[in-house]
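*Asks:* Can you look at this prediction? I've put the sequence above it.
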Amino acid sequence: MNIGDRIVAWSKDEEIKKEGASGGLVTSLLTASLKGELADEVIALQKISEFEGVPIRTSNVDEVLKCSGSLHAAPINLTKFAVRFFEEHPDGALALPAKPCDARGIVEQAKRKKINLEKTYLIGLNCGGTMPPITTMEMLEKMYEINPDDVIEEEIEKGKLIFKTKNEKKAISIDELEEAGYGRRENCRYCETNIPVMTDVACGNWGAGKNETFVEIFTEKGIKLMNNAIELGLIETAPATEKGIKIREKTNSVMEKVAKKWHEKIFVPIEDRLERFHYYMDVMEDCIDCEACKYVCPVCACDESKCIDFYDPIDSYKISIYHLVRLLHLSDSCIGCGQCTDVCPAEIPLTILHRRIADRIQAKYNYVPGMDMKIPPSFEVE
Amino acid sequence: MEEEWTPKITLFCCNWCSYAGSDDAGVGRKQQPPSTRTIRVMCSGRTDPGFVLTALMEGSDAVLFTGCHIGDCHYISGNYKAKKRFEMLKEILDEIGLEDERLQLQWISASEGSEFAEYIRKVTEEIKAIGPSPLRQEWMK
């Protein structure tokens, strides 16, 4: 096995194969990393229902097995959990599944010495977007006309969102859903990173057959991860077909094009200066100083938060200084993961505000956060 | 009698160059408008973006970064850091709708007293032309 290899793989265990999505490869890789003692702990998303997942950090193989299956409607970023792991075990090794925004967050934290990337096994997941749980439930009732509690499986395939219940299977195209205001989270719509090239292996069902996963290997660690699972007899592999590789590339380029269109649609520049001032003033006015956006932000890396240094809840400034410092701090590192918008109780479109500024600064310094370890953060001065 | 509005400008001076420069302007009796409020910092690299934002929020009409010329920094690289911060702050303030003139960067050495006075005169005129900052509250005098 070499770097750059494209293969298809699946779990040998019938139970995992049945429970997990696309042949249960990711679950097998996670259990293999624990069994083969590559990692001390793994992070996985425990399924509560189709619309709720709780991240757990565990060294128990049985608990990992319970986490199999994909959850599109549980948008959680695992970066901060990885940071906590390295706070507690500075010399430990960790394995975790990472969609592009998790992986980008982890790379940004690694640049700021919060995560030891050499001891982190990143099992990348191709991602076409996640969905907000509450709106998804509403969508199920209105558009699909099925009871959210009956859903046993969901899947995204060929631009269609598929929900399965015990006796029926319904598919509606994502474009149609998004026209109606449902579908993926806003930040996922304009996200252009679908294949996590910064991870060790990227897994996904694009270009793979039924019950198998397409894997692309990016690093030495990725080879180690795959070989470990093969040696333990947990997975089987085969070379990817030419057709599969083409399908995967095509799917990726289609997704990128759609994302670019959404980007143009959402980020309409506000030309007038005063209008812009009032826009920012009005949206930030609703802030209730809960600081939730700070806690979930995967790229926030201050030991003692700088954003609350200059700010006091009794300030009566026209624009919150807390948000301005955050806008400045994240201008080079914001990856547009959407966590801040998700948690905001006052429903401030924080991700859009951050992206508006980050787009400008990241374009100016030609810096794309979280893509590789080679380029230092643009705030750095030689 | 209604007084003419004069802008309030927060001026960050580094201890080694621009503060000495402003001192030189005073010793040399160079005329300059009394619009600036000077804050001395040990190095222009000490000017935290939080200072700038707080100054603007508290009613400054403009904030000026001043320091040693590039290459002359007493602490070798402080002014490079100030420059980077300034550039990023500038992008943000522009995005939230503040005019370009409200944040400025100027390198002033210890002997440039007349340049210093000239610069303050120029900035005061510029700010007078664009008026009070939109961030200023009605109750701020």
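*Replies:* Structure's in. What do you need?
*Asks:* List, one by one, the residues from chain B near chain A.
*Replies:* Applying Cβ under 8 Å from any Cβ of the partner chain, we find that chain B lies next to chain A at B:48-51, B:53-54, B:57, B:77, B:80-81, B:84, B:87-89, B:91-92, B:95-99, B:134-135, B:137. Heads up, the C-betas are built off the backbone N, CA and C, glycines and all.
*Asks:* Tell me the buried residues within those residues.
*Replies:* The neighbour count (16 or more other Cβ atoms under 10 Å in any protein chain shown) marks B:48-51, B:53-54, B:57, B:80-81, B:84, B:88-89, B:91-92, B:95-99, B:134-135 as buried among these.
*Asks:* For chain B, which residue gets nearest to chain A?
*Replies:* Chain A sits closest to B:Gly97 of chain B, with a gap of 2.9 Å, by Cβ to the nearest Cβ.
*Asks:* I figured that residue hits B:Leu135, correct?
*Replies:* No: under the criterion of Cβ atoms under 8 Å, B:Gly97 is not in contact with B:Leu135, lying 9.6 Å apart.
*Asks:* distance between the ends of stretch A:90-101?
*Replies:* Terminal residues of stretch A:90-101 are spaced 23 Å apart (Cα to Cα, to the nearest Å).
*Asks:* need the strands for the stretch 51-200 of chain A, in chain order.
*Replies:* A:52-58, A:94-98, A:120-125, A:153-157, A:160-164, A:169-173 (DSSP state E, counting those that start in this stretch).
*Asks:* before we move on, what about chain B?
*Replies:* Along chain B, counting by DSSP state E, strands occupy B:9-14, B:36-41, B:62-67, B:103-107.
*Asks:* Dump the second one to PDB, restricted to CA.
*Replies:* Extracted C-alpha coordinates of strand B:36-41, given in PDB (Å, rounded to 0.1, in the frame of the first residue of the first chain):
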ATOM      1  CA  THR B  36      -5.000  64.200  20.000                       C
ATOM      2  CA  ARG B  37      -5.000  62.200  23.200                       C
ATOM      3  CA  THR B  38      -1.600  60.600  23.400                       C
ATOM      4  CA  ILE B  39      -1.100  57.200  24.900                       C
ATOM      5  CA  ARG B  40       2.500  56.100  25.300                       C
ATOM      6  CA  VAL B  41       3.300  52.500  24.800                       C
END
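*Asks:* Show me which positions of that strand end up buried.
*Replies:* B:36, B:41.
*Asks:* any residues touching that strand, and which ones?
*Replies:* Contact with strand B:36-41 is made by B:8-15, B:19, B:22, B:47, B:51, B:60, B:64, B:120, as judged by Cβ atoms under 8 Å, 6 or more residues apart in numbering or on different chains.
*Asks:* how about 6 Å then?
*Replies:* For strand B:36-41, contacts defined as Cβ atoms under 6 Å, 6 or more residues apart in numbering or on different chains pick out B:9-13, B:15, B:19, B:47, B:120.
*Asks:* Listing partners with orientation, what would you give for it?
*Replies:* Using DSSP bridges, strand B:36-41 pairs in its sheet with strand B:9-14 (parallel).
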